[in-house]
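>>> no sequence on hand, only this structure:
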């Protein structure tokens, strides 16, 4: 079986095709949102490390840094993503459950989403 001869486009035609293709590509993106974990006194650092590892596959060292930051500043930005993924991440945090290490803990930690500030 013989293949048909390869038809080569003139170089100028290829450049015009590439230029048109690039113009056709929508380079805009959805706005980004931060998923922010909020501090409380009813969850341990170990809970934060465990939750972040299980939900977001964050390494223990990085998760511990988030635990320290939320404890010191009252909040920590966990991830920045598009709105549907941010809502999903927030819902995962809210559904993670109580910290079994603290008897008075009744539920999950709180998180909010906020528009990411572009720099």
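Thanks, I have it. All values reported here derive from a predicted model rather than from experimental measurement.
>>> which residues does the residue nearest the centre of the chain bridge with?
Central residue of the chain (C-alpha atoms, centre = their mean): residue 79, 3.8 Å from the mean position. Residue 79 forms beta bridges with residue 35, as assigned by DSSP bridges.
>>> touching, it and residue 36? I think so.
No - contact criterion C-beta atoms under 8 Å: residue 79 and residue 36 do not qualify, at 9.6 Å. For the C-beta atoms, the positions are set from N, CA and C on the backbone; glycine is no exception.
>>> return the residues in contact with the nearest residue to residue 59 once chain neighbours are set aside.
Closest residue in space to residue 59, ignoring its immediate chain neighbours: residue 53 at 7.5 Å, by C-beta to C-beta, 6 or more residues apart in numbering. Shown in contact with residue 53 (C-beta atoms under 8 Å, 6 or more residues apart in numbering): 59, 60, 63.
>>> now neighbour count, secondary structure and pLDDT too, for those residues, in JSON lines please.
Listed next are those as JSON lines, based on neighbours: other C-beta atoms under 10 Å; DSSP: H, G, I helix; E, B strand; the rest coil; pLDDT from 0 to 100:
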{"residue": "59", "neighbour count": "11", "secondary structure": "coil", "pLDDT": "98"}
{"residue": "60", "neighbour count": "12", "secondary structure": "helix", "pLDDT": "98"}
{"residue": "63", "neighbour count": "22", "secondary structure": "helix", "pLDDT": "98"}
